[in-house]
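In: Predicted model follows, preceded by the sequence.
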Amino acid sequence: MGTLTTKTRFGFAADPGWTTFLLQLMGVTPQRAFVLVEDERLTVRFGPWLLRTPLSNVLDATITGPYTAWRVIGPHLSLADRGVTFGTNAERGVCVRFRTPVPALLPGGLLPHPGATVTVADPEGLVSALAGARNT
């Protein structure tokens, strides 16, 4: 018998004013921009960028925002703390902190990030899914 796997997928909430920029210049489409919470893994896909880490590496998740658009739209690196942002709107998102930093922006595991901010359509749902997955 196979193992039952739970997957919860969260799409990004795209600001219509930035859709063309994200689609045409970065390849960020609904099919290629999502956060996936599985039984043992967190995956963030943002166009060509990919972040994967075990759920056991997730320290916490907090709803954040609003943001300044030029600091959040698209993929961004925080020079203050090396955190990564995958943003599609300036309203709200979720900051996920990791026990051990994980790679996302650069290939080959270079420049790992201690946290990731994602502007998903259901921030409360993502925070709840991560809390529930970590407590099982």
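Out: Received, thanks.

In: what's in contact with the helix or strand hosting L51?
Out: Here L51 sits within strand 49-54, counting by DSSP states H and E. Defining contact as Cβ atoms under 8 Å, 6 or more residues apart in numbering, one finds that strand 49-54 is touched by 40-44, 75, 84, 86, 98, 102-105, 113, 116. From N, CA and C alone the C-beta is placed, and that goes for glycine too.

In: Any of these buried? List them.
Out: When these are checked for burial by 16 or more other Cβ atoms under 10 Å, the buried set is 41-42, 44, 75, 84, 86, 98, 102-105, 113, 116.

In: Going by distance to T8, which of those residues wins?
Out: Proximity of the buried ones among the contacts of strand 49-54 to T8 (Cβ to Cβ) peaks at L42, which lies at 10.4 Å.

In: Could you report the distance from the closest one to W49?
Out: As judged by Cβ to Cβ, to the nearest Å, L42 and W49 stand 14 Å apart.

In: For the strand holding L51, buried residues please.
Out: For strand 49-54, burial by neighbour count (16+ other Cβ under 10 Å) applies to 49, 51, 53.
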